[in-house]
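Q: give me a model of this one.
(one chain, ligands or ions: 1)
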Amino acid sequence: MLTCSIVGATSFTGTELIRILARHPHVKIGSLTTRSEEKIDARDLVPALGKANDLVIEKFNFKKVARDSDVVFVTLPHTLAMKVAGDFYDEEKIVIDLSADFRLHRADLYEDWYQERHSRKDLLKEAVYGLPEIYREQIKHANLIANPGCYPTGAILGLYPLLKADLIKHDFIVIDSKSGVSGAGKKLSQATQFCEVDENFGAYKVNRHQHTPEIEQTLSEVALAKIDVTFVPHLLPVNRGILSTIYVRRKPGIKKDKLAKAFESFAESEPFVRFYGVGKFPTLKEVQYTNFCDIGIEIDDKSDQVIVITAIDNLLKGASGQAIQNMNIRLGFSEEAGLIGV
Ligand SMILES: NC(=O)c1ccc[n+]([C@@H]2O[C@H](COP(=O)([O-])OP(=O)(O)OC[C@H]3O[C@@H](n4cnc5c(N)ncnc54)[C@H](OP(=O)(O)O)[C@@H]3O)[C@@H](O)[C@H]2O)c1
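A: Got it, this is the predicted structure:
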């Protein structure tokens, strides 16, 4: 059985990975690491492991993790992940990095948006963007998988069938997304304190969120043309989930049936995409604690506007579930292994 380790295992995404990997039928857990000097019982952070579970999260030791692992998941904050992920890649491990550090192909774009020098530019061309619905064939052979961001996952999957089939205009794409608070990670900030979030709702980083270039990079590759988007994120007073409302304009002569058919075919061929139809829309409840991206659409005949609603769980399809899906593809397992009934 192959062995998987998690660097940054105390994180929100790390604890989700522990929960899934502990029940995965084809892999076992090797090392779980933290910066802390003190050992942490994994069951204290992941109660679902049960009281007899003896997995321990220990201070990071590169040699031990390298010795213990075939696959290394890196769940460190962006800008810190690049060195660790690069070092394990150099040791010929399969690395699945949940941070943003290897998602953008262009180092200058990364350095502009993340305000940090990229120390492993040499690996940007090796990394494969881990969105299975678009890059499945490349993921099968990748040793460095850049797991997508949570907002980009919901946004891109809502636009992919439309751009792929050339059904919409490129000059007007508005993505209005609302995320639960776990999307910000466990580090406290003024904006994510209970008193700020509870009974409140607002936009932030309007048109300057760091996920914008990642969305544009992927959509441009799908459309074979430069795509610019307007992306407006909001913070919702819920724990988990992202709902994105996407506004686009159809090309002249494109009928409602054709738009619906594009999504139907997409969902039929993808294990983790569900299409609700025209006039039916997902809510967060349907996707929380699942690896699904659920989609519904509406068409305004007067304005030719197409409205796409997507919903995902930011910690699963937007992070750890997708990371397991990528591992399953890379290792040749069923794509759904460990991911149904999480
Ligand atoms: N949250 C989401 O919905 C989501 C979705 C997609 C992608 N991501 C990305 O996945 C990665 C992990 O996200 P997360 O939300 O799970 O993170 P998180 O809850 O904020 O945890 C980050 C972990 O990194 C470790 N760490 C090591 N050095 C650190 C430092 N200098 N400052 C802070 N933490 C440090 C911490 O573990 P110790 O304190 O135990 O050392 C901590 O548990 C990030 O790059 C994030 O952008 C997150």
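
Q: so how far is residue 321 from residue 338?
A: 9 Å (C-beta to C-beta, to the nearest Å). C-betas here are computed from N, CA, C, even on glycine.

Q: more neighbours, those two?
A: For residue 338 versus residue 321, neighbours defined as other C-beta atoms under 10 Å are more numerous around residue 321 (26 against 23).

Q: quick check: that one touching residue 342?
A: Yes - contact criterion C-beta atoms under 8 Å: residue 321 and residue 342 qualify, at 6.7 Å.

Q: what sits in contact with each of these two?
A: 20, 290, 291 (C-beta atoms under 8 Å, 6 or more residues apart in numbering).

Q: most surrounded residue in the residues you listed?
A: Most surrounded of the shared contacts of residue 321 and residue 342: other C-beta under 10 Å gives residue 291, at 24 neighbours.

Q: pLDDT score assigned to that residue?
A: For residue 291, the model assigns a pLDDT of 98.

Q: quick revisit: so what's in contact with residue 338 and residue 321 at the same time?
A: What both residue 338 and residue 321 touch, as defined by C-beta under 8 Å, 6+ apart, is the set residue 20.

Q: just checking, what packs against the strand or helix carrying residue 96?
A: Assigned by DSSP states H and E, residue 96 belongs to strand 94-97. Applying 3 or more C-beta pairs under 8 Å, 6 or more residues apart in numbering; DSSP states H and E, we find strand 94-97 packed against strand 71-74, helix 81-90, strand 144-146, helix 320-331.

Q: mind listing what residue 120 touches?
A: Residue 120 sits in contact with 82, 83, 85, 86, 101, 102, where contact means C-beta under 8 Å, 6+ apart.

Q: how near is it to residue 56?
A: Counting by C-beta to C-beta - residue 120 and residue 56 are separated by 30 Å.

Q: again, but for residue 297
A: Here residue 297 is placed at a distance of 47 Å from residue 56 (C-beta to C-beta).

Q: who has more neighbours out of these two?
A: Set residue 297 next to residue 56 and count neighbours by other C-beta under 10 Å: residue 297 wins out with 25 against 13.

Q: host element of the closest residue to that one other than its chain neighbours?
A: Residue nearest to residue 297 in three dimensions, not counting chain neighbours: residue 308, with 5.1 Å by C-beta to C-beta, 6 or more residues apart in numbering. Using DSSP H and E, residue 308 sits within strand 305-312.

Q: what residues does this structure have near the ligand?
A: 8, 10-14, 34-36, 75-78, 80-81, 98-100, 149-150, 182-183, 185-187, 314-315, 318-319 (C-beta under 6 Å from any ligand atom).

Q: least confident secondary structure element in the protein?
A: helix 194-197 (a mean of 94; mean pLDDT, DSSP states H and E).

Q: farthest from the middle of this protein: give me that residue.
A: residue 302 (34.8 Å; C-alpha atoms, centre = their mean).

Q: A strand includes that residue, no?
A: No - according to DSSP: H, G, I helix; E, B strand; the rest coil, residue 302 belongs to no strand; its state is coil.

Q: per-residue pLDDT of residue 137, please?
A: Confidence score, pLDDT, at residue 137: 98.

Q: now for it, how many residues are close by?
A: Residues lying near residue 137 (other C-beta under 10 Å) number 10.

Q: still on that earlier bit, make a markdown table from the helices and strands packed on strand 94-97 and add mean pLDDT to it.
A: Formatted as a markdown table, the helices and strands packed on strand 94-97 follow (pLDDT from 0 to 100):
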| stretch | mean pLDDT |
| --- | --- |
| strand 71-74 | 98 |
| helix 81-90 | 98 |
| strand 144-146 | 98 |
| helix 320-331 | 98 |
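
Q: can you redo these as TSV with distance to residue 212?
A: TSV is the format used below for those (distance: least, C-beta to C-beta, whole Å):
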stretch	distance to residue 212
strand 71-74	23
helix 81-90	20
strand 144-146	16
helix 320-331	19
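
Q: out of the ones you listed, which gets nearest to residue 201?
A: The minimum distance between residue 201 and those falls on helix 320-331, with 25.8 Å, by C-beta to C-beta.

Q: keeping just the C-alphas, turn the closest one into PDB.
A: Extracted C-alpha coordinates of helix 320-331, given in PDB (Å, rounded to 0.1, in the frame of the first residue of the first chain):
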ATOM      1  CA  SER A 320      -8.800  18.500   0.100                       C
ATOM      2  CA  GLY A 321     -11.400  16.400  -1.700                       C
ATOM      3  CA  GLN A 322     -10.000  17.700  -5.000                       C
ATOM      4  CA  ALA A 323      -6.500  16.800  -3.800                       C
ATOM      5  CA  ILE A 324      -7.600  13.200  -3.100                       C
ATOM      6  CA  GLN A 325      -9.300  13.100  -6.500                       C
ATOM      7  CA  ASN A 326      -6.000  14.200  -8.100                       C
ATOM      8  CA  MET A 327      -4.100  11.600  -6.100                       C
ATOM      9  CA  ASN A 328      -6.600   8.900  -7.200                       C
ATOM     10  CA  ILE A 329      -6.000   9.900 -10.900                       C
ATOM     11  CA  ARG A 330      -2.200  10.000 -10.500                       C
ATOM     12  CA  LEU A 331      -2.100   6.600  -8.900                       C
END
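
Q: against which helices or strands is it packed?
A: helix 12-21, strand 71-74, strand 94-97, helix 132-139, strand 144-146.
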